[in-house]
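Novice: How does the following fold in three dimensions:
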Amino acid sequence: MIDTGCHLTLRTRLHCRIERADHSDGLSEAALKVRAREEEGWLALNEVVIDRGKATFLGMLDIFSDGTLITTAQADGIIIATPTGSTAYSLAAGGALVMPSIPGNLKIVLDLRLSAEVD
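Specialist: As a prediction, the model looks like this:
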């Protein structure tokens, strides 16, 4: 028990879910369960990373926030980070360092063409 009080720092979390353009016709029962979990979503404290996986081409990413289209990016992926997560992958990818008290999040486009060294 804490009798003398304490300082509480509230942290922003991200609620994310996957929305696919294709339909679920012909999927197995296991795949349908995965789709149901994707639609339900997850909570993330630090960041969410969306990347192109094994594909050898850049993806076209439509980025929405609360149902509003923010931008479309052609990129290797994107990091959406909370202020708590701004010190991890986001910072390494060129994102800003943000105080936890700032109410917002960061969107960092991953583009390997911009990070390649040229001699």
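Novice: This protein: strands as residue ranges?
Specialist: Ranges of strands in the chain, per DSSP state E, are 14-16, 42-44, 47-51, 59-65, 68-75, 77-81, 106-110.
Novice: Now distance to Leu91 and mean neighbour count too, for those strands, in JSON lines please.
Specialist: Where you see a C-beta, it was placed from the backbone N, CA and C, and this is true even at glycine. Formatted as JSON lines, these follow (distance: least, CB to CB, whole Å; neighbours: other CB atoms under 10 Å):
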{"stretch": "strand 14-16", "distance to Leu91": "17", "mean neighbour count": "13"}
{"stretch": "strand 42-44", "distance to Leu91": "16", "mean neighbour count": "13"}
{"stretch": "strand 47-51", "distance to Leu91": "10", "mean neighbour count": "17"}
{"stretch": "strand 59-65", "distance to Leu91": "20", "mean neighbour count": "13"}
{"stretch": "strand 68-75", "distance to Leu91": "18", "mean neighbour count": "12"}
{"stretch": "strand 77-81", "distance to Leu91": "9", "mean neighbour count": "22"}
{"stretch": "strand 106-110", "distance to Leu91": "9", "mean neighbour count": "19"}
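Novice: need the least confident one among those strands, by mean pLDDT.
Specialist: Mean pLDDT across the strands of the chain is lowest at strand 59-65; the value there is a mean of 82.
Novice: Note down every partner strand of it and its orientation.
Specialist: Each strand paired with strand 59-65, and its direction, by DSSP bridges: strand 68-75 (antiparallel).
Novice: Not counting the strand it pairs with itself, show me its contacts.
Specialist: For strand 68-75, contacts defined as CB atoms under 8 Å, 6 or more residues apart in numbering pick out 58-64, 107, 109-111.
Novice: Grab the most central residue of the chain for me.
Specialist: Closest residue to the average C-alpha location of the chain: Val48 at 2.6 Å, with CA atoms, centre = their mean.
Novice: hmm, back to that, could you dump the strands of the chain to JSON lines with distance to Gly95?
Specialist: Below are the strands of the chain laid out as JSON lines (distance: least, CB to CB, whole Å):
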{"stretch": "strand 14-16", "distance to Gly95": "14"}
{"stretch": "strand 42-44", "distance to Gly95": "15"}
{"stretch": "strand 47-51", "distance to Gly95": "9"}
{"stretch": "strand 59-65", "distance to Gly95": "15"}
{"stretch": "strand 68-75", "distance to Gly95": "14"}
{"stretch": "strand 77-81", "distance to Gly95": "6"}
{"stretch": "strand 106-110", "distance to Gly95": "4"}
